[in-house]
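Trainee: Here is my input; please provide its structure:
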Amino acid sequence: MTTLSRRNLLRVGAGALPALALGARPALAAPLLPGVTVSGTAPSSLAGFDDVMKTFVKERGISSAQLAITKYGKLVLARGYTYSDGSRYVPQTTPTSLFRIASLSKHITATAIMRLVQDGRLSLSAPVTTLLGLSATADPRLAQVTVLRLLQHLGGWDRDASGDQLWQDHAISAALDVPLPISQDDIVRYATGRPLDFDPGSKMAYSNYGYLLLGRIVEKVSGMDYESYVRQTLLAPAGVTRMRIGRSLRSEALPGEVSYASQYTRKTVLDDSGTVVPYQYGGFNVPNHDANGGWVASAVDLVRFARVFDAAGTVLNSTSISRMFAKPEIGVSGDGWWYGAGWYVRQVTGHLNTWHAGSMPGTYTYLARLQNGFTYAALFNRREETGTLDFDVLSPQMNAVKVTSWPTTDLFAKYL
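Mentor: Have a look, this model is predicted:
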């Protein structure tokens, strides 16, 4: 998983970003963009966003992508994009095809935590050691790690210093002398036995492990497994029915899930065979990433759920929403943004812009809630790996699109 690049953090104040979807047989290409086919609905007044997406996927050879846009809570664009160079068949992606969303899972987990707080079942000041029965023997500072500090990446783990525990399966297996695949409990035992990298609450360091712990807190407090609690308490009331925790192997893909692309291979983390596999299929254990990056969704699902944060309703009340976007104890960055609970946040005139990116082998995703009621999600079936075509250029390209008249028709009923 990855955070936004510094360039994007500087740009998001006014910004937007795209999304894609999976592809179809490479006939029927638009005359100026051979190889790109589309599905779904894009009104003519929003053709600028459509053009940006089609060019973006063609230039980078991205076979599957999606874009969904809402304006003041109404779904006004739902699009799937497919690119093929003609050398092979690429199955068509629709607006409801499913993608791994990587770190866009974090605001889902943060919402689950806030709902438990809202229901009086959890305190943001509760220490993780108390909640999960963790020992602070290896580092007494662990007792200072609270739920709120986990939400805001202030817990004391710095992956640039000691590595990302969610991507160290082989090292953890060897250190604990346990077989692959390792479990989430193994990851927690490994991390708990090592010192923190900094004093909790003293700085922000993006931590997938912190969100793994939040998922375990959801389970401990709710008495349900993490996925079931989220689907029952958050997603169903919001009208989201397709989202699931993903699986690792191509053979385990959900109905309608796209295929993922990566040029890299790795030894499998799913057993001790030493088999070399495509990195995106067995090079990491997707279910272990559940709360920090394991969800599978469509772009339509993500913008539908994003409406939870636009107004108090059946999922969160106004106090909970405010807490999710509140400034952390370390204050605002020098670039004017801060990390709330599962969202990056920036103050613009009369509005808080909130956004997040996600990245893992075979996946790049982006979700933004911007001023003037504009929300969008963009999903891709691979991330930037090599070359000079920077994924970050998509945000300014989307921002440059001028819309003179926004559609008023709501497409949500079409894409249930």
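
Trainee: tell me which residues in stretch 188-199 are buried?
Mentor: Going by neighbour count (16 or more other C-beta atoms under 10 Å), the buried part of stretch 188-199 is Val188, Arg189, Tyr190, Ala191, Thr192, Leu196, Asp197, Phe198. All C-beta spots, glycine's among them, are computed from the backbone N, C-alpha and C.

Trainee: Does the last one lie in a helix or a strand, and which?
Mentor: Read that as Phe198. Phe198 is located outside every helix and strand, with elements delineated by DSSP states H and E.

Trainee: and the buried residues of stretch 188-199 as a markdown table, adding pLDDT and secondary structure?
Mentor: Below are the buried residues of stretch 188-199 laid out as a markdown table (pLDDT from 0 to 100; DSSP: H, G, I helix; E, B strand; the rest coil):
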| residue | pLDDT | secondary structure |
| --- | --- | --- |
| Val188 | 98 | helix |
| Arg189 | 98 | helix |
| Tyr190 | 98 | helix |
| Ala191 | 98 | helix |
| Thr192 | 98 | helix |
| Leu196 | 98 | coil |
| Asp197 | 98 | coil |
| Phe198 | 98 | coil |
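
Trainee: Among those, which one sits closest to Asp390?
Mentor: Distance to Asp390, by C-beta to C-beta, is smallest for Asp197 among the buried residues of stretch 188-199, at 29.5 Å.

Trainee: Enumerate every residue touching the closest residue to Arg250 other than its chain neighbours.
Mentor: In space, Arg250 comes closest to Tyr281 once its chain neighbours are excluded; the distance is 4.8 Å by C-beta to C-beta, 6 or more residues apart in numbering. Counting by C-beta atoms under 8 Å, 6 or more residues apart in numbering, Tyr281 touches Ser248, Leu249, Arg250, Tyr260, Gly362.

Trainee: for Thr268, same thing?
Mentor: Applying C-beta under 8 Å, 6+ apart, the residues contacting Thr268 are Leu180, Gly274, Thr275, Val276, Val277, Gly282, Gly283.

Trainee: I figured Pro361 hits Val286, correct?
Mentor: No: counting by C-beta atoms under 8 Å, Pro361 sits too far from Val286 to count as a contact (10.5 Å).

Trainee: Could you report the separation of Leu270 from Val401?
Mentor: When distance is defined by C-beta to C-beta, to the nearest Å, Leu270 is 42 Å away from Val401.

Trainee: ok, these two, which is more surrounded?
Mentor: Leu270 (18 against 15; other C-beta atoms under 10 Å).

Trainee: The more buried one and Asn285 touch, don't they?
Mentor: Yes: with contact defined as C-beta under 8 Å, Leu270 counts as touching Asn285 (6.5 Å).
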